[in-house]
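Participant: Below is the sequence, then the predicted model.
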Amino acid sequence: MERTNAMQQETMTLPIERKVIVKEQDKATEERHPNFIESNTQAITLKDLTEKNIIPTFSDNSLTISHQNFIGAVTKVANNVFGELTPVECRVSHPIIGRVPSAQHKKAYELLESEKTVFYQRMAFVCHVLDLAREINGQTVNLCIGGVRAYNEDKLYSRRSPMKFKVFVGWQVKVCSNLMLTCDGNSGSIECMTEADIMQKTLELYNGFNVQREERLHRLENLHTTPISEELFCKIIGRMRLYQALPTNTQKELPTLTLGDSTVNAMVKNYVTNENFGKKNGEDITCWNFLQLANEAVKQTYIDKFVDRNQNCTDFSMGIQRAIEGEDTEGYSWFIN
């Protein structure tokens with residue numbers, strides 16, 4: 001806890017806003033902000049998740065860690081480390097819908113709410129640190145924490161075993177809700193048996209993610225200084241498409257790219273139509289715009305792949321910038337030549 005307290009004290013000394021006052025007229029805007037992920041997901045309140053979502057068990061009937069308990073464990077640690085949080089925004093997908101045995105002979109329209117059952121196989125959530133914000137390239141970004149759970153990754157058909165979770169911390173662009181994750185803010189897949197395990201590994205992630213690390217923020221901000229012409233954008237997009245068809249051995253010689261054809265197609269559409277980060281009045285976009293176009297496209301990813309692909313957007317955009325600036329040492333130059 002000493003490390004946690006020290007981290008909180010450091011937070012007060014660096015150039016990140018620690019006080020954000022939301023005016024009454026802005027509250028409705030806050031509620032209408034874009035979703036952090038779309039795909040086949042739907043919004044659900046924490047109350048409904050707690051009261052209506054069935055908790056599956058392992059084959060020996062031992063309980064799994066529920067979605068709501070996972071959220072509670074992560075947010076408790078985040079609150080201790082970073083400070084007060086905004087309400088949780090939760091998205092779920094892949095519902096398994098059923099009914100109680102006594103209603104098995106009823107028609108669907110005859111079912112009472114109390115006779116319906118559901119559990120959501122996949123869940124992702126985010127929330128902001130209430131008063132930690134910064135402006136990057138004219139956009140307000142908030143420190144954001146969150147997590148992902150997918151029951152399909154757990155071995156529910158066997159006896160109780162470690163369960164898989166993902167926890168992340170990064171920055172979220174206010175105007176579009178795009179997340180910007182880096183490797184030190186992504187736990188990857190962690191395996192836990194208890195909520196205490198989740199809290200311990202979450203604390204380790206947060207302690208390793210120095211919110212005041214100016215180098216990371218400067219790299220994100222400096223993406224705005226590198227232009228990408230339409231010709232170069234088309235070349236990068238073409239290479240991203242070509243990458244998908246390369247033999248596996250050839251792909252291993254290049255930087256990792258987890259964005260598939262559907263994501264690349266969405267980036268192209270966003271380049272033309274996105275009001276915030278697309279091409280405007282014949283002006284070149286920048287590597288910052290490129291990152292946001294990719295992040296926006298990744299919102300169509302399934303929940304269980306979302307976090308890793310979002311981080312890949314950041315890594316790839318920074319790699320493209322280094323290649324354009326002639327500082328590439330990892331093979332990103334292949335995408336621009």
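Facilitator: Ah, there it is.

Participant: C-alpha from now on. contacts and neighbour counts both.
Facilitator: Noted.

Participant: low-scoring stretches of the protein, by residue?
Facilitator: For the chain, residues meeting the criterion pLDDT under 70 lie at 1-33, 211-214.

Participant: how far is the helix ranked longest in it from where the chain is centred?
Facilitator: Counting by DSSP state H, the longest helix found in the chain is helix 303-324. Between the centre of helix 303-324 and the centre of its chain there are 12 Å (C-alpha atoms, centre = their mean, to the nearest Å).

Participant: Of all the residues in it, which ones are buried?
Facilitator: The neighbour-count check on helix 303-324 (16 or more other C-alpha atoms under 10 Å) flags 303-304, 306-324 as buried.

Participant: Now it - C-alpha only, CSV.
Facilitator: What follows is helix 303-324, C-alpha atoms only, in CSV (Å, rounded to 0.1, in the frame of the first residue of the first chain):
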residue,chain,number,x,y,z
ILE,A,303,-15.2,-8.5,-27.0
ASP,A,304,-12.6,-11.3,-26.4
LYS,A,305,-10.3,-9.9,-29.1
PHE,A,306,-10.9,-6.2,-28.5
VAL,A,307,-8.2,-5.3,-26.0
ASP,A,308,-5.3,-6.9,-27.8
ARG,A,309,-6.3,-5.4,-31.2
ASN,A,310,-6.7,-2.0,-29.6
GLN,A,311,-3.1,-2.2,-28.3
ASN,A,312,-2.0,-3.4,-31.7
CYS,A,313,-3.5,-0.2,-33.2
THR,A,314,-1.2,1.9,-31.0
ASP,A,315,1.9,-0.2,-31.6
PHE,A,316,1.3,-0.2,-35.4
SER,A,317,0.6,3.6,-35.6
MET,A,318,3.8,4.4,-33.7
GLY,A,319,5.7,2.0,-35.8
ILE,A,320,4.4,3.6,-39.0
GLN,A,321,5.5,7.0,-37.7
ARG,A,322,9.0,5.7,-37.0
ALA,A,323,9.2,4.2,-40.5
ILE,A,324,8.1,7.5,-42.1
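
Participant: The stretch 151-300 of the chain: strands as residue ranges?
Facilitator: Ranges of strands within the stretch 151-300 of the chain are 163-173, 179-180, 190-192, 227-228, 285-286, based on DSSP state E, counting those that start in this stretch.

Participant: So which elements touch the second one?
Facilitator: Other elements packing on strand 179-180 under the criterion 3 or more C-alpha pairs under 8 Å, 6 or more residues apart in numbering; DSSP states H and E are strand 163-173, helix 303-324.

Participant: Quick one: work out the angle between the first one and helix 303-324.
Facilitator: With axes from the mean of the first three to the mean of the last three C-alpha atoms, to 10 degrees applied, the angle from strand 163-173 to helix 303-324 works out at 50 degrees.

Participant: nearest to Ser102, of the helices and strands packed on strand 179-180?
Facilitator: Across the helices and strands packed on strand 179-180, the minimum distance to Ser102, taken as C-alpha to C-alpha, is reached by strand 163-173, at 32.3 Å.

Participant: Show me the contact partners of that closest one.
Facilitator: Residues from elsewhere that reach strand 163-173 (C-alpha atoms under 8 Å, 6 or more residues apart in numbering): 64-65, 74, 139-150, 153-154, 178-182, 185-193, 202, 205-206, 209, 307.

Participant: Only whichever of those residues are buried, select them in PyMOL.
Facilitator: Here is the PyMOL command that selects the buried residues among these (16+ other C-alpha under 10 Å):
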select buried, resi 64+65+74+141+142+143+144+145+146+147+148+149+150+154+178+179+180+181+182+185+186+187+191+192+202+205+206+209+307
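
Participant: Okay, Ser189 and Leu181: tell me how far apart.
Facilitator: For Ser189, the distance to Leu181 (C-alpha to C-alpha, to the nearest Å) stands at 15 Å.

Participant: Alright, calling it a day.
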